[in-house]
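1. what's the 3D shape of this:
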Amino acid sequence: MSKSARPAETPATARATSPEVTRYVSRFVHETGLEDLPDEVIALGKKSILDGLGLALSGSVAKSGELVRRHLADLGQARGPATVIGSELKVAPRFAAFANGVGIHADDYDDTQLAVAPDRVYGLLTHPTAPALPAALAVGEALGSSGREVMLAYHLGVEVECKIAEAIHPRHYQSGFHSTATCGTFAAASAAARLMSLDEEAIACALSIAGSQSAGLRENFGTMTKPFHAGRSSESGVVAAQFASYGWTATDKILEAPRGFFNAAGGGYSPDAILGRLGRPWTFAEPGISIKPHPSGSLTHPGMTEMLRLIREHGIRADQVVRVRVGTNSNMPNALIHHRPRNELQAKFSMEFCMAILLLDGRAGLNEFTDETVLRPDVQALLAKVDFGVDERAEAAGYHKMTTYIDIELKDGRRISGSADFGKGSPAQPMSYDEVAAKFRECAEFAGWNMAKAEQVVELVAELERVKQVGRLTAALSRS
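-> Below you'll find the predicted structure:
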């Protein structure tokens, strides 16, 4: 029988009455078991895990993947117990976590956290899987952990990451911090610490070491440094757990202290958003996590979903278009900053490109987000016909939604309009496991992967709790 999305109190949540947030988080990581996760949360997690593994494959053939492998070679990192996905390399866990975190986030095609509070910005909290999964996978492979153990560590990391991101004041993101990088470090530390069987005190220490490594600035969006953030946060979390296991010392109140993470990086936090909230409900269940159908910033997706609907319903062609106007809340243009992109990384943060490529090609996948496509004359010409800015109706809807209004003016005088709050892949329009598997195969094919091995991954993730050693999974993701 399926368990509820709101489980009975676990030992960790039942005792969450202290303002000592770091201790509460470390207790949750130490005491929570897979049996405390609802069946629906386990199923949702499998979709995000499969999604992340596919993105690590496609990311391995990006220019950033090549440069990461060059970096590992320069470090003399050619031997170790943990797989660099999409390559023949096996390296130390920290470096595998770094490489695979970069890979998962390289195409900006990875999952995104929804927001609970109206002043938190949907899609701008974290990309939860990119920091958490590489750390869990690398440490789990090195330790010979089971699929069940790695899956639990991943879920604990995601939950800690998402609740920290929800709790910190919105100034954190709005003033320039990249929360996937900052909050993701705590995710990786939590996952690694659990797999390493650290006690509650050592987990608190790992979180504190992680807090002193959390970094990442949004000015680097649209460059290779954005996925670097995800990789470094995953690596930093592994390093934090390793040092804590040695007996390294650190404060036991890194989150809540006046000079700790929440205050230093955000100017404060909302205690009610984290105390007593870990696993109550699990973020995967409520408000949920979105899986992307397009390799672009999540804030483009409601508009892309609606634009595709309008194109299909009305038979709109690019050569009919006089003007397209797209309106959103004020936080979205603050992230979608490239209005006339000149390369694929900028195009991922360009509402104008996302609208133009759908009108021209009717699709927007990995093959459309390339430098060559962005620079096509027809694409550049259509970009000039797309206006993107703030719409007061979207502003009034709240930042926890991605409300997007589209108005298309055609040469025959028609005006076609539509709006959407959420896109395909969100909990409002979820992707099934089979749909995520299709995306995984797209990523594998893009990477030139052996499709028999790709099918092994799809099957193993579906039954991950029954996999005795996670090395079976990483073997199907290695070229060796």
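
2. So which residue is dead centre in the protein?
-> His127 (2.1 Å; Cα atoms, centre = their mean).

3. Now do the contacts for the nearest residue to that residue once chain neighbours are set aside.
-> Excluding the flanking residues, the one nearest His127 by Cβ to Cβ, 6 or more residues apart in numbering is Thr180, at 4.5 Å. Yep, even glycine has a C-beta here, placed from its N, CA and C like the rest. Residues near Thr180 by Cβ atoms under 8 Å, 6 or more residues apart in numbering: His105, Thr126, His127, Ala130, Pro131, Gly216, His229, Ala230, Ser233.

4. do that again at 7 Å, thanks
-> For Thr180, the contact set (Cβ atoms under 7 Å, 6 or more residues apart in numbering) comprises Thr126, His127, Ala130, Pro131, His229, Ala230, Ser233.

5. Just the pLDDT for the fourth one.
-> According to the model's per-residue confidence, Pro131 sits at a pLDDT of 98.

6. Show the secondary-structure elements that the helix or strand containing it is packed against.
-> For Pro131, the element it lies in under DSSP states H and E is helix 129-143. Counting contacts by 3 or more Cβ pairs under 7 Å, 6 or more residues apart in numbering; DSSP states H and E, helix 129-143 packs against helix 39-60, strand 82-83, helix 93-105, helix 147-167, helix 179-195, helix 225-246, helix 471-475.

7. these two touch, right, Gly471 and Gly140?
-> No - checked against Cβ atoms under 7 Å, the pair Gly471 and Gly140 is beyond contact range at 8.7 Å.

8. Which residue ranges of this protein form strands?
-> 82-83, 90-91, 112-113, 289-290, 321-328, 386-390, 404-410, 415-420 (DSSP state E).

9. Show the average pLDDT along the first one.
-> To tie it back to what came earlier, the one meant is strand 82-83. On average, strand 82-83 scores 98.

10. what do you get for the longest one?
-> The predicted model gives strand 321-328 an average pLDDT of 98.

11. Low-confidence regions, the stretch 1-150 of the chain specifically.
-> Where the stretch 1-150 of the chain drops to pLDDT under 70, the residues are 1-18, 121-124.

12. same thing but at 90, please
-> 1-19, 77-79, 108, 114-125 (pLDDT under 90).

13. again, but for the stretch 201-350 of the chain
-> Looking at the stretch 201-350 of the chain by pLDDT under 90, you get 221-222, 297-299, 331, 334-335, 345.

14. Spell out the residue ranges of the helices in it.
-> 225-246, 261-266, 301-314, 344-347 (DSSP state H, counting those that start in this stretch).

15. want to throw these into TSV with distance to Ala475?
-> Shown next, in TSV, are the helices of the stretch 201-350 of the chain (distance: least, Cβ to Cβ, whole Å):
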stretch	distance to Ala475
helix 225-246	21
helix 261-266	37
helix 301-314	34
helix 344-347	31
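
16. Output those in JSON lines; the columns should cover mean neighbour count and distance to Glu88.
-> Below are these laid out as JSON lines (neighbours: other Cβ atoms under 10 Å; distance: least, Cβ to Cβ, whole Å):
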{"stretch": "helix 225-246", "mean neighbour count": "26", "distance to Glu88": "19"}
{"stretch": "helix 261-266", "mean neighbour count": "21", "distance to Glu88": "38"}
{"stretch": "helix 301-314", "mean neighbour count": "20", "distance to Glu88": "35"}
{"stretch": "helix 344-347", "mean neighbour count": "25", "distance to Glu88": "26"}
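
17. for those, which one sits closest to Lys401?
-> With Cβ to Cβ, the closest approach to Lys401 among the helices of the stretch 201-350 of the chain belongs to helix 301-314: 8.3 Å.

18. What are the contacting residues of that closest one?
-> So helix 301-314 is contacted by 292, 294, 316, 326, 351, 354-355, 358-359, 362, 364, 402, 404, 406, 408, 416, 418-425 (Cβ under 7 Å, 6+ apart).

19. Next, the angle from it to strand 404-410.
-> 40 degrees (axes from the mean of the first three to the mean of the last three Cα atoms, to 10 degrees).

20. CA atoms of helix 301-314 as PDB?
-> C-alpha atoms of helix 301-314 as PDB (Å, rounded to 0.1, in the frame of the first residue of the first chain):
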ATOM      1  CA  HIS A 301       9.500  26.700 -19.900                       C
ATOM      2  CA  PRO A 302       5.900  28.000 -19.300                       C
ATOM      3  CA  GLY A 303       6.300  30.300 -22.200                       C
ATOM      4  CA  MET A 304       7.800  27.600 -24.400                       C
ATOM      5  CA  THR A 305       5.000  25.200 -23.500                       C
ATOM      6  CA  GLU A 306       2.400  27.800 -24.300                       C
ATOM      7  CA  MET A 307       4.100  28.900 -27.500                       C
ATOM      8  CA  LEU A 308       4.200  25.300 -28.700                       C
ATOM      9  CA  ARG A 309       0.500  25.000 -28.000                       C
ATOM     10  CA  LEU A 310      -0.300  28.200 -29.800                       C
ATOM     11  CA  ILE A 311       1.800  27.200 -32.800                       C
ATOM     12  CA  ARG A 312       0.100  23.800 -33.100                       C
ATOM     13  CA  GLU A 313      -3.500  25.100 -32.400                       C
ATOM     14  CA  HIS A 314      -3.300  28.000 -34.900                       C
END
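
21. re the thing from before, quick one: closest of the strands of the chain to Ala97.
-> Nearest to Ala97, of the strands of the chain and by Cβ to Cβ, is strand 82-83 at 7.6 Å.

22. ok so, going back, out of the helices and strands packed on helix 129-143, flag the one nearest His71.
-> helix 93-105 (8.7 Å).

23. about what we covered before: between the helices of the stretch 201-350 of the chain, which one is closest to Val158.
-> Nearest of the helices of the stretch 201-350 of the chain (Cβ to Cβ): helix 225-246, 12.3 Å.

24. gap between that closest one and the chain center?
-> 16 Å (Cα atoms, centre = their mean, to the nearest Å).

25. What is the burial count for Ala153?
-> Ala153 sits with 29 neighbouring residues when counted by other Cβ atoms under 10 Å.

26. Domain map for this structure?
-> The record's domain parsing of the chain by automatic domain parsing lists 11-291+431-475, 298-420.

27. Which of the strands of the chain sits closest to Ala444?
-> Here strand 82-83 is closest among those (Cβ to Cβ), at 15.3 Å.

28. May I have the strands that pair with the closest one, each with its orientation?
-> strand 90-91 (antiparallel) (DSSP bridges).

29. residues in contact with the partner strand?
-> Leu72, Gln77, Arg79, Gly80, Pro81, Ala82, Thr83, Val84.

30. farthest pair in the residues you listed?
-> Leu72 and Pro81 (14.3 Å).

31. Counting neighbours, go ahead and name the busier of these two.
-> Neighbour comparison, Leu72 and Pro81: the larger count goes to Leu72, with 21 against 17 (by other Cβ under 10 Å).

32. I figured the more buried one hits Arg94, correct?
-> No - assessed by Cβ under 7 Å, Leu72 is found out of contact with Arg94, at 10.9 Å.

33. and the end-to-end length of stretch 193-201?
-> Distance across stretch 193-201, first residue to last, is 11 Å (Cα to Cα, to the nearest Å).

34. right, I mislabeled it, should have said stretch 213-229
-> Stretch 213-229: ends 11 Å apart by Cα to Cα.
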